[in-house]
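**Q** I would like to see how this sequence folds:
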Amino acid sequence: MRMFVAATLAAGLTAGLPAQKTTEIHPGRGGSPHVKSEWTIDGAVISIQYGRPYLKGRDVKMLEPFGDAWRVGADEATMLVTSRKLNFDTLAVPPGTYTLYAVPGEKKWELAINKQTGQSGTEYHQDRDLGRVAMTVSKLPAPVEQLTISIDDTNAGATLHIDWGTVRASAAFTVGP
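**A** Sure thing, here's the model as predicted:
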């Protein structure tokens, strides 16, 4: 009986938490592993496939000059797949597959959601952007050696985070019908 109660309590405590499932796809050409991370947020199945480079003593300032699009990862373009509409502020992202780019700035970043897919990571065509959304930038308390993309479930929807070095760039979104 005691084990049943403990198992029921444990299940109840984790039932509302979004689980991130990350699967390694292949080792990257330059040593950066490529992964697919998946979440279920408010009924939407969301996955992001990207290369996870290491800093290896470098500074995130290597993303300068500010204002240039970055593939948010290593080697291949970073791919976002969503089963439901996502709303990033005023940008509606219909269900489908997209390529993600970030446009770093000193105090603010932009997340570019691009309709072109299947291209190399360095091939970027701004005219194929579905749109761009502002990202807030904050400083992490401890450096993150390996690029990490995560999604946190929130009461108001969710927040996508890009963490690398001491930088966290975040964009809030909601799931549409």
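**Q** tell me where this protein has helices.
**A** 2-14 (DSSP state H).
**Q** I figured Gly67 hits Glu106, correct?
**A** No. Using Cβ atoms under 8 Å, Gly67 is not in contact with Glu106, being 9.9 Å away. Where you see a C-beta, it was placed from the backbone N, CA and C, and this is true even at glycine.
**Q** shared neighbours, those two?
**A** Applying Cβ atoms under 8 Å, 6 or more residues apart in numbering, one finds that no residue jointly contacts Gly67 and Glu106.
**Q** list the contacts for Arg128?
**A** Contacts of Arg128 (Cβ under 8 Å, 6+ apart): 114-116.
**Q** can you list which of these are found in strands?
**A** Asn114 (DSSP state E).
**Q** any chance of the contacts of Arg128 in TSV, plus neighbour count and pLDDT?
**A** Shown next, in TSV, are those (neighbours: other Cβ atoms under 10 Å; pLDDT from 0 to 100):
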residue	neighbour count	pLDDT
Asn114	23	97
Lys115	14	97
Gln116	15	95
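**Q** got a list of what the residue nearest the centre of the chain touches?
**A** Nearest to the mean C-alpha position of the chain, counting by Cα atoms, centre = their mean, stands Ile149 at 3.9 Å. Ile149 sits next to 37, 48, 50, 72-73, 78, 160-163 when contact means Cβ under 8 Å, 6+ apart.
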